[in-house]
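Colleague: no FASTA, just this:
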């Protein structure tokens, strides 16, 4: 962990301690510190833009209410992302989204799969990866998100997801394997149509 990251974790731990004294300014500062990261994280888990802000508010409410139960042995970000993971998973379960709708959306959004462009722009690459990630299970997406986008270690991810570290490693293995299949271009011209 860099000195900057360590300093930020200490400042966040101090903000959480101030929450125990009902310091609303501390909550506002934590909200500001985590909003963007939580937004990206929750968006990737839920894939529902209409739920993101509500979930972030739920997360910050739990942080406010449960500040006294924060265990200073873990990083504040690990604790907050653990709450976010649970809230996002709960929101996905509770959302009344028919399965057919999500499959239809996936088909429309996946039209890029047939392209064989070698010259991807950064935006196209990000969209391509986002579409591939959307095809993974929420648990596999979460492991990828926390590892590559948030830079967390497997032990921290295990705390966030409430599972053993070996389960995180297994999920990562399967996520990578599934992404390899999803991202491998298919060659339709190799099939004989006679």
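Modeller: Cool, got the structure. Please read all numbers here as calculations on a predicted model, not as lab measurements.
Colleague: please count neighbours and contacts with C-alpha atoms only from this point.
Modeller: Noted.
Colleague: mind giving me the domain split of this structure?
Modeller: With domains defined by automatic domain parsing, the chain comprises 1-96, 98-185.
Colleague: sketch out the strands for this protein, chain order is fine.
Modeller: Assigned by DSSP state E, the chain shows no strands.
Colleague: residue boundaries of the helices in it?
Modeller: 3-19, 24-46, 49-65, 76-94, 99-109, 122-134, 138-144, 154-161, 165-183 (DSSP state H).
Colleague: need the ones you listed in JSON lines (columns: mean neighbour count and mean pLDDT).
Modeller: Listed next are those as JSON lines, based on neighbours: other Cα atoms under 10 Å; pLDDT from 0 to 100:
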{"stretch": "helix 3-19", "mean neighbour count": "16", "mean pLDDT": "83"}
{"stretch": "helix 24-46", "mean neighbour count": "17", "mean pLDDT": "92"}
{"stretch": "helix 49-65", "mean neighbour count": "17", "mean pLDDT": "92"}
{"stretch": "helix 76-94", "mean neighbour count": "19", "mean pLDDT": "89"}
{"stretch": "helix 99-109", "mean neighbour count": "11", "mean pLDDT": "41"}
{"stretch": "helix 122-134", "mean neighbour count": "15", "mean pLDDT": "78"}
{"stretch": "helix 138-144", "mean neighbour count": "22", "mean pLDDT": "90"}
{"stretch": "helix 154-161", "mean neighbour count": "20", "mean pLDDT": "90"}
{"stretch": "helix 165-183", "mean neighbour count": "16", "mean pLDDT": "91"}
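Colleague: tell me which residue is most central in this protein.
Modeller: residue 41 (3.2 Å; Cα atoms, centre = their mean).
Colleague: correct me, but that residue touches residue 144?
Modeller: No: using Cα atoms under 8 Å, residue 41 is not in contact with residue 144; the gap is 10.3 Å.
Colleague: quick one on the thing from earlier: how near is the residue nearest to the centre of the chain to residue 56?
Modeller: Remark: distance between residue 41 and residue 56 (Cα to Cα, to the nearest Å) = 10 Å.
Colleague: check the offset of stretch 167-187 from the chain's centre.
Modeller: Chain-centre distance of stretch 167-187: 17 Å, with Cα atoms, centre = their mean, to the nearest Å.
Colleague: check stretch 150-164 too.
Modeller: Centroid separation for stretch 150-164 versus its chain: 12 Å, with Cα atoms, centre = their mean.
Colleague: which residue is the nearest non-sequential neighbour of residue 39?
Modeller: Nearest residue to residue 39, sequence neighbours excluded (Cα to Cα, 6 or more residues apart in numbering): residue 52, at 6.4 Å.
Colleague: can you pull the contacts of that neighbour?
Modeller: By Cα atoms under 8 Å, 6 or more residues apart in numbering, the contact set of residue 52 is 39, 42-43, 46.
Colleague: export the residues you listed to CSV and tack on distance to residue 24?
Modeller: Rendered in CSV, the data for the contacts of residue 52 read as follows (distance: Cα to Cα, whole Å):
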residue, distance to residue 24
39, 21
42, 24
43, 26
46, 28
